[in-house]
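Trainee: predicted structure and sequence below. I'll ask about it afterward.
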Amino acid sequence: MTQPQPPKNGLAIAALVMGVVAVIGSFFLFVNVGAIVVGLTAAILGLIAVLTHKSKVLSISGLVLGLVAILISVLILAMFAKSVRESLALSDITYTATVSEGTATAAWGTEGRSSSQDFTGTWTQDSTGSHADIVATLTVRGSADQELTCEITIDGKVMDSESGTSFVTCTVSLAGT
């Protein structure tokens, strides 16, 4: 007399094991790229096992874990990509200085670079800088009888504006924000 064979659950067990491995790997940056492949394989094996076997608990578990691993991996990779993109984004910096009469000197700098220039009336200088590292300074020097202003604008927003006689300074620091 032959004993009945237990149902073959090899695909379902493989799907479950691969799904667990994929979910664990999905939480680790760069390892989660491989977890997407393993999760996809788990989902496919789980689906095949669901369609071909009567015992569906292991099959559905492997399928769901594979899909969850793919979702977690994609979300973590998207958050990492967004973070990198934001840290590399460039901002438009505009330095503006005015002198009421005569000649004044504007000295400006961003990210370790500095320059100066004599001007009359209104002076403007455009620059760009990495938003995460912006430390911008504008100093305007003139004589005691001159009205001076300085202004630093980043991406169209006035970040600092000062006025006075003989000497004014504007400083903006976005480093680490």
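Mentor: Cool, the structure landed.
Trainee: report the secondary structure state of Ala81.
Mentor: helix (DSSP: H, G, I helix; E, B strand; the rest coil).
Trainee: could you measure from it over to Leu63?
Mentor: 27 Å (C-beta to C-beta, to the nearest Å). (Each C-beta comes from the backbone N, C-alpha and C, glycine too.)
Trainee: neighbour count: these two, which is higher?
Mentor: Leu63 (24 against 10; other C-beta atoms under 10 Å).
Trainee: tell me the contacts of that one?
Mentor: Ala15, Gly19, Ala42, Ala43, Gly46, Leu47, Ala49, Val50 (C-beta atoms under 8 Å, 6 or more residues apart in numbering).
Trainee: how much space is there between Thr110 and Thr94?
Mentor: 11 Å.
Trainee: what sits in contact with each of these two?
Mentor: Joint contacts of Thr110 and Thr94 (C-beta under 8 Å, 6+ apart) are Ser127.
Trainee: which one of these two is surrounded by more residues?
Mentor: Neighbours per residue, other C-beta under 10 Å: of Thr110 and Thr94, the larger number sits with Thr110, 23 against 18.
Trainee: quick check: bridge partners of that one?
Mentor: Arg113, Ala136 (DSSP bridges).
Trainee: I figured it hits Ile93, correct?
Mentor: Yes. Using C-beta atoms under 8 Å, Thr110 is in contact with Ile93, at 6.1 Å.
Trainee: what sits in contact with each of these two?
Mentor: Ser127, Gly129, Ile134, Ala136.
Trainee: looking at these, state which has the most neighbours.
Mentor: Of the shared contacts of Thr110 and Ile93, with other C-beta under 10 Å as the count, Ala136 tops at 24 neighbours.
Trainee: could you pull up the contacting residues of it?
Mentor: 93, 95, 108-110, 127, 129, 152, 154, 159, 171-173.
Trainee: how near is it to Val37?
Mentor: 46 Å.
Trainee: what ranges does this protein have for its helices?
Mentor: Secondary structure of the chain (DSSP state H): helices located at 10-26, 31-52, 57-88.
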